[in-house]
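In: Pasting the sequence and the predicted model now:
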Amino acid sequence: KAGVTQTPRYLIKTRGQQVTLSCSPISGHRSVSWYQQTPGQGLQFLFEYFSETQRNKGNFPGRFSGRQFSNSRSEMNVSTLELGDSALYLCASSLAGGQQSGGIQYFGAGTRLSVL
Amino acid sequence: EDKVVQSPLSLVVHEGDTVTLNCSYEVTNFRSLLWYKQEKKAPTFLFMLTSSGIEKKSGRLSSILDKKELFSILNITATQTGDSAIYLCAVQGAQKLVFGQGTRLTINP
């Protein structure tokens, strides 16, 4: 069974640009969560999608948004990039109940975003 | 606000040593505590603990949860260089998974 797949693996952007990251969950998983990981802040929760609906959101500005498609694949968008957005963005999927049911989350390898 | 604190933040030991990593938490509506190992990119799942006092074990790794004192420990015996990684503790609350800062473990040969 294929794991969580994130694309692209690396991205370099300049300030003010926007970026879209993609995540394909494990087959059969309906919940997708996104996290930002930086050396100073650790893993910070961005949002969770379940059945195409955003179910929960972390404390990030509105420049960070996402969506989920009917096949459970998810995209995350960051608009008007800032230097501080440089980070590893991780996606995790879990079975039917997602975070609200306390299911185990399985992570992808992440997208390393560098903002210059 | 929900909080997970891991200690130490960094640990360097010699191959063959035994290490204990700590995780304390303050989370509303606790559901479970999870341990992950992150070597390069993707955190990989190690254990999920929901009940107090029941040890989970996998090879040289073991973990236990104390729900009264709100902490968990992860033990690694007879460490190997392949155990070098960041170990993440995460607690599932009512709505989301909250991560600690992680412990960076380095095993020297």
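Out: That came in fine, so what should we check first?
In: Can you pull out the low-pLDDT segments for the chain?
Out: I'll assume chain A. Counting by pLDDT under 70, chain A contains low-confidence ranges at A:1, A:96-102.
In: Just give the nearest non-adjacent residue to the residue nearest the centre of chain A, would you?
Out: Nearest to the geometric centre of chain A sits A:Trp34, at 2.9 Å (Cα atoms, centre = their mean). Closest residue to A:Trp34 apart from its sequence neighbours, by Cβ to Cβ, 6 or more residues apart in numbering or on different chains: A:Leu46 at 4.1 Å. Any C-beta I mention is one placed from the backbone N, CA and C, and that applies to glycine too.
In: What strand or helix carries that neighbour?
Out: Assigned by DSSP states H and E, A:Leu46 belongs to strand A:42-50.
In: Toward the C-terminus from that strand, list the very next helix or strand.
Out: Helices and strands here follow DSSP H and E; after strand A:42-50, the next one along the chain is strand A:53-57.
In: in that following strand, what's buried?
Out: Within strand A:53-57, the residues scored as buried using 16 or more other Cβ atoms under 10 Å in any protein chain shown are A:55-57.
In: show me which of those residues neighbour chain B.
Out: A:Asn56 (Cβ under 8 Å from any Cβ of the partner chain).
In: so B:Leu88 makes contact with B:Glu39?
Out: No - if you go by Cβ atoms under 8 Å, B:Leu88 and B:Glu39 don't touch, sitting 11.4 Å apart.
In: More neighbours: which of those two?
Out: A side-by-side neighbour count of B:Leu88 and B:Glu39, using other Cβ atoms under 10 Å in any protein chain shown, places B:Leu88 first with 26 against 12.
In: which residues touch the more buried one?
Out: A:43, B:6, B:35-38, B:43, B:99-100, B:102 (Cβ atoms under 8 Å, 6 or more residues apart in numbering or on different chains).
In: Please indicate which of the residues you listed has the highest neighbour count?
Out: B:Pro43 (29 neighbours).
In: and that one, what pLDDT?
Out: On the pLDDT scale, B:Pro43 is placed at 93.
In: Check which helix or strand the spatially closest residue to it that is not a sequence neighbour maps to.
Out: Closest residue to B:Pro43 apart from its sequence neighbours, by Cβ to Cβ, 6+ apart: B:Tyr36 at 3.8 Å. B:Tyr36 is located in strand B:32-38, with elements delineated by DSSP H and E.
In: hmm, back to that, adding distance to A:Gly110 as columns, could you present the contacts of B:Leu88 in CSV?
Out: As requested, the contacts of B:Leu88 are exported to CSV (distance: Cβ to Cβ, whole Å):
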residue, distance to A:Gly110
A:Leu43, 11
B:Gln6, 20
B:Trp35, 19
B:Tyr36, 13
B:Lys37, 15
B:Gln38, 10
B:Pro43, 9
B:Phe99, 14
B:Gly100, 18
B:Gly102, 14
